[in-house]
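[1] Predicted model, plus sequence, below.
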Amino acid sequence: MIYSISGLLRQVAPTYCVVEACGVGYQCSASTHTLSSLPGRGQEVTLLTHLWVKEDGMELFGFSTEQERRCFRMLIGVSGVGPRVALAILSDSAPDRLMLSIAAGDAKALTRAQGVGAKLAQRIILELRDKVSDEDISMPFSDEIGTISTVAETIHNTAKSEAISALVALGYGQTDAAAVIAPMEDSLAVDELIRRALKSFTRGK
């Protein structure tokens, strides 16, 4: 297993980059988030990697953070999700946002990625929702929404679940609605939850 690669950045393309190490150029497929974080050509770069072995060869995938690589490995563990689809998902959603969408059960958010239909999005949520933990999101993001478990538990709170559904009907994304509603007190009524959420959305504009 190749854990990481360090060398000179020789090329950046829409879906991959080339890193030269010890005189050999390694093509690393990567998400748009990783590609946009790279330094200029000719500069030193280090990427965490995942080696995908298939019948007709091997492919190396590069990641700027351990968090993104961990998300990638979680995704390819889902039936029907190959490395290309996993990269498409990570290109559409940063790791924090992706984990939050999964915890919130927001299948619609996942279907924005190329190659992800409604059924596959539901399968991803079904297989990963119980595997997502607070370790999968960064600390600053966690400070904003509380914990991943708090977001996931909103489906078991009738008032919060109804408030989220109402916000979605008003045009807000399920992921955003769940993130705002989750930290609120469990004792609040539906209308109060909605009122506070709308106030929060207004402040955020």
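    Ah, there it is. All values derive from a computational prediction rather than experimental measurement. Residues are numbered from 1 along each chain as shown.
[2] where are the low-confidence patches of this structure?
    Scanning the chain with the threshold set as pLDDT under 70 gives 134-150, 152-156, 204-205.
[3] any idea where the strands of it begin and end?
    Per DSSP state E, the chain carries strands over the ranges 4-12, 16-21, 24-29, 44-54, 57-63.
[4] Output the contacting helices and strands for the longest one.
    Put plainly, it is strand 44-54. Judged by 3 or more CB pairs under 8 Å, 6 or more residues apart in numbering; DSSP states H and E, the packing partners of strand 44-54 are strand 4-12, strand 16-21, strand 57-63, helix 66-76. The C-beta positions use only the backbone N, C-alpha and C, and glycine is treated the same way.
[5] can you list the ones you listed in CSV and add mean neighbour count and distance to Arg84?
    Written out in CSV, the entries for the helices and strands packed on strand 44-54 read as follows (neighbours: other CB atoms under 10 Å; distance: least, CB to CB, whole Å):
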stretch, mean neighbour count, distance to Arg84
strand 4-12, 15, 19
strand 16-21, 18, 12
strand 57-63, 18, 9
helix 66-76, 20, 10
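[6] out of these, which comes closest to Arg196?
    The closest of the helices and strands packed on strand 44-54 to Arg196 is helix 66-76. By CB to CB, the value is 30.0 Å.
[7] Give me the contacts around the closest one.
    Applying CB atoms under 8 Å, 6 or more residues apart in numbering, the contact partners of helix 66-76 are 31, 33-34, 48-50, 61, 63, 81-83, 85-87, 89-90, 95-96, 98-99, 124, 128, 131, 136, 138.
[8] how far is it from where the chain is centred?
    The chain centroid and the centroid of helix 66-76 are separated by 9 Å under CA atoms, centre = their mean, to the nearest Å.
[9] got the CA coordinates for it in CSV?
    In CSV, the C-alpha atoms belonging to helix 66-76 read as follows (Å, rounded to 0.1, in the frame of the first residue of the first chain):
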residue,chain,number,x,y,z
GLU,A,66,-6.7,12.5,5.9
GLN,A,67,-10.3,13.5,6.4
GLU,A,68,-11.0,13.4,2.6
ARG,A,69,-9.2,10.1,2.2
ARG,A,70,-11.2,8.6,5.0
CYS,A,71,-14.5,9.7,3.4
PHE,A,72,-13.3,8.3,0.1
ARG,A,73,-12.7,4.9,1.7
MET,A,74,-16.0,5.0,3.4
LEU,A,75,-17.8,5.7,0.1
ILE,A,76,-16.1,3.0,-2.0
